[in-house]
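In: here is a sequence with its predicted model. Questions after.
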Amino acid sequence: YAMQDCAKAGKRVLVFDRINPIGGVRPEGTVLDPAFASFVGRFPLATRYNLTMGEYARYINDTQHIACNLTVVSAEGWTRDCFYDETDLMWIAPSPNLPSVDGCLCYIGTCLAEGTNLSEGRGTTRPFEMIGAPFVDGAALAGTMNREGLPGVIFTAACFTPYASKHKGEPCEGVLLHVSDAHAFRPVRTGVTLLYRIREMWPRQFRWKPRDGKPRRFISLLAGCGAFEDEPPAPEALLAAWEADSAAFARRKAAYHLYK
């Protein structure tokens, strides 16, 4: 929005770059369909787009034809495979509900829970690292998820009572995600798999967030596509299509990289 306004006003935009806290190597997820653009996702980027703020500005300025007079001052010492907790920088939470690097990493996939009646851990100390609901059996879900053999993550049963947001004041069970290898972890695959397994295990209790008269389900805006508008496809088919989308996006965005 700032770039659009500055382009109209003939003002120069100067961006002092910030590194991406969850690295910049491997995009994941689908590329947003413009038909599902919203405040939570406006442009056709991969779910995990792996650009710095400055690279993002360069990419959007060009591909969306904003044409502002943009200058990016690069950060020093960062490489694309580096996570924030591997630097000597002091951590500053980018959001009240993203208090850790692991939370930022999990968020890429577990934010899909916001489009359902599951608690995404808001109102706890581990938002987006803890997923559950009053109807979930945490031990059963943890066992199911660990048998999936997903890379870089271990699941343990969790009991929690959110002090705010969904299921406020209600005892919930679910799983806590422990990122054992941030470089191997695939948050989109993990988040999608978790959502499907909970839906399969508790089909009578699981619900998508109601449309409330809106044309799109909120889950569709979070995903940036229409896969969840009706009965979603099998998870492997969905993830395979998304991986093809993100691989194509990775090739397009490479021209805008400022770091190796």
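Out: Received it, and whenever you're ready, just let me know what you need.
In: verify the stated contact: Tyr107 with Thr190.
Out: No: checked against Cβ atoms under 8 Å, the pair Tyr107 and Thr190 is beyond contact range at 11.2 Å. Glycine gets a C-beta too; all of them are placed from N, C-alpha and C.
In: quick one, strands of the stretch 101-250 of the chain?
Out: For the stretch 101-250 of the chain, the strands defined by DSSP state E, counting those that start in this stretch cover 130-133, 153-160, 172-179.
In: so for Arg199, which of those sits nearest?
Out: Arg199 sits nearest to strand 130-133 of all these, at 11.4 Å, using Cβ to Cβ.
In: what is the closest one packed up against?
Out: If contacts are counted by 3 or more Cβ pairs under 8 Å, 6 or more residues apart in numbering; DSSP states H and E, strand 130-133 sits against strand 153-160, strand 172-179, helix 187-201.
In: in that strand, what's buried?
Out: For strand 130-133, a neighbour-count test (16 or more other Cβ atoms under 10 Å) marks Met130, Ile131, Gly132, Ala133 as buried.
In: what's near enough to touch Leu45?
Out: Contact partners of Leu45, counting by Cβ atoms under 8 Å, 6 or more residues apart in numbering, are Val31, Leu32, Tyr56, Tyr59, Phe249.
In: quick revisit: make TSV from the strands of the stretch 101-250 of the chain and add distance to Leu222 and mean pLDDT to it.
Out: TSV is the format used below for the strands of the stretch 101-250 of the chain (distance: least, Cβ to Cβ, whole Å; pLDDT from 0 to 100):
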stretch	distance to Leu222	mean pLDDT
strand 130-133	14	98
strand 153-160	20	98
strand 172-179	18	98
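In: what about Ile219, how many residues nearby?
Out: For Ile219, the neighbour count with other Cβ atoms under 10 Å is 19.
In: start at 29, not 1
Out: With the count now opening at 29, the last piece we talked about shows up as Ile247.
In: ok, for it, nearest residue in space, not its chain neighbours?
Out: Spatially, and ignoring its direct neighbours in sequence, Ile247 is nearest to Gly143 (2.9 Å; Cβ to Cβ, 6 or more residues apart in numbering).
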